[in-house]
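*Asks:* here is a sequence together with a model predicted from it:
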Number of protein chains: 2
Amino acid sequence: MALSHAIMTSLIDQDLSGYDLAKQFDVSLGFFWSASHQQIYQQLKTLTAAGEVSVTEVSQSGKPDKRVYGLTDVGREALLTWAEKESRRKPARDDLFVKLYNLGNLKPELLIGEVEARQLQHQQRLALYQRIRDRGYAKPEHLSDRRKGMYLALLAGIYQEQATLQWCKEALTLLQSIGSTDAPIKAPPTEL
Amino acid sequence: MALSHAIMTSLIDQDLSGYDLAKQFDVSLGFFWSASHQQIYQQLKTLTAAGEVSVTEVSQSGKPDKRVYGLTDVGREALLTWAEKESRRKPARDDLFVKLYNLGNLKPELLIGEVEARQLQHQQRLALYQRIRDRGYAKPEHLSDRRKGMYLALLAGIYQEQATLQWCKEALTLLQSIGSTDAPIKAPPTEL
DNA sequence: AACAAATATGCAACTAATTGCATAAAAGTC
DNA sequence: GACTTTTATGCAATTAGTTGCATATTTGTT
């Protein structure tokens, strides 16, 4: 399972509680490997049982106690072993495209709305990525190796968002050129 | 569950056996919503129980018998209802990027190899998409609505692949500029 | 004083997806 | 004749992920 490795990756150079891990996921690694807090807590239990992370109970004044996790040597070892294995491309699964295959039976307005919603999401995400880049990755050649890796992930995100936005724009043009006809009818069989 | 809707989408204008569905997924809808044959067979059972698809046993000479599935009116209805609901963006999960976060503790050659492998995959995929486009989607404005939708999905694929390839190129340049140093050392804590 | 939000962790039930088999018949190949 | 590939369908077990809920404290807001 790769979530465990994502968690361990977040613990490489800092100890974190489950709560903090979840928060960090939301603003960094989670862009590339998302996880909910439930998943994280469950995985932390498994990792602890396997001895790949260690726990320390920390009493806090003013806040509930927390359990802070740190990477053990076993964990670091496991992380390296995992990184050396060839990773495979994740199968794509995006239901927007499944819906597009249904365009013949849908009102185009419906898809237009969906694409516009996506467009907004991707604009916001791109802006966020660019903000992060400007703040901490302006001169990639001068970064540490670790941060070079993080920069490359960020750059991939930027390219993806830009490509998607370019597509949204073109998709909207084509979808709008259909528009207006209100009652969609069944088309004859076709193949890709 | 969206797999059921992907299957129903494949059955909109043709009846298919589980086997044929699986094959078709590999060359069309599966680019955007992938599924293994086990998943498809399981889902077909569920869909049949729900009355959304119907089955006909077909005896064949020269080949094993097969069970051909068709969309029922209930199924068509369910498909439309589903399409009208807002779809959400799938959470990203790509372990290549998790590995990049580990760059500080890995030999750069390792990631270089991975990125090169990806690059090849994406080149092949892009070539396939472009072949499909040239063969059947040369003049998008003149297509039926149904095929316009399929074209837009294909176009999204093309844009994604191009963006990824652009990234691979740039990533390799940066990774190669690190190269050579053989024993990676631990870097001080950083944040995104 | 009441209420919402942030901090902090977790269970239970369920759905979805993967992995590893197993079977069986026909067609093609060496 | 033995072997592989293609066609065709499925089970069982496991792992991964989602959804909905439950709990408890503190801090800030109205």
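*Replies:* Done, it's in.

*Asks:* only C-alpha atoms from now on, for both contacts and neighbour counts.
*Replies:* Fine.

*Asks:* who's the spatially closest residue to residue A:56 that is not a sequence neighbour bridged to?
*Replies:* Among residues not flanking residue A:56 along the chain, residue A:68 sits closest, at 5.1 Å (C-alpha to C-alpha, 6 or more residues apart in numbering or on different chains). Partner residues in beta bridges with residue A:68, using DSSP bridges, are residue A:17, residue A:56.

*Asks:* would you check that residue A:68 makes contact with residue A:19?
*Replies:* No: with contact taken as C-alpha atoms under 8 Å, residue A:68 and residue A:19 are classed as non-touching, separated by 9.3 Å.

*Asks:* who has more neighbours, these two?
*Replies:* Per other C-alpha atoms under 10 Å in any protein chain shown, whichever of residue A:68 and residue A:19 has more neighbours is residue A:68, with 18 against 15.

*Asks:* elements contacting the biggest helix by length in chain A?
*Replies:* Ranked by residue count and defined by DSSP state H, the top helix of chain A is helix A:145-178. Under the contact definition 3 or more C-alpha pairs under 8 Å, 6 or more residues apart in numbering or on different chains; DSSP states H and E, helix A:145-178 sits against helix A:108-136, helix B:95-100, helix B:145-178.

*Asks:* in chain A, which residue sits nearest DNA strand D?
*Replies:* residue A:1 (2.6 Å; C-alpha to the nearest atom of the strand).

*Asks:* output the contacting helices and strands for the helix or strand of chain A with the lowest mean pLDDT.
*Replies:* When the helices and strands of chain A are compared on mean pLDDT, DSSP states H and E, strand A:53-58 comes out lowest with a mean of 93. Using 3+ C-alpha pairs under 8 Å, 6+ apart as the contact criterion, the neighbours of strand A:53-58 among helices and strands are helix A:37-49, strand A:66-71.

*Asks:* could you give the mean pLDDT of stretch A:79-92?
*Replies:* Within the predicted structure, the mean pLDDT of stretch A:79-92 is 90.

*Asks:* do stretch A:178-192 as well
*Replies:* Along stretch A:178-192, the predicted local confidence has a mean pLDDT of 61.

*Asks:* next one: stretch A:106-125
*Replies:* Regarding stretch A:106-125, the rounded mean pLDDT is 96.

*Asks:* which residues touch that stretch?
*Replies:* A:96, A:99-100, A:103, A:161, A:164-165, A:168, A:171-172, A:175-176, A:178-179, A:182-184, B:80, B:83-84, B:86-87, B:89 (C-alpha atoms under 8 Å, 6 or more residues apart in numbering or on different chains).

*Asks:* who in chain A is up against DNA strand C?
*Replies:* Near DNA strand C, the residues belonging to chain A are A:17-20, A:37-38, A:41-42, A:60, A:63-68, A:91 when assessed by C-alpha under 7 Å from any atom of the strand.

*Asks:* just the buried residues of those residues.
*Replies:* By the neighbour-count criterion of 16 or more other C-alpha atoms under 10 Å in any protein chain shown, these include these buried positions: A:17, A:18, A:41, A:66, A:68.

*Asks:* just name the closest of the residues you listed to residue A:153, please.
*Replies:* Proximity to residue A:153 was ranked across those by C-alpha to C-alpha; first place goes to residue A:18, at 23.4 Å.

*Asks:* got the contact list for the closest one?
*Replies:* Counting by C-alpha under 8 Å, 6+ apart, residue A:18 makes contact with A:37, A:40, A:41, A:44, A:67, A:68, A:69.

*Asks:* tell me which of these is nearest to residue A:10?
*Replies:* Sorting these by distance to residue A:10 puts residue A:69 at the head of the list, at 10.5 Å, by C-alpha to C-alpha.
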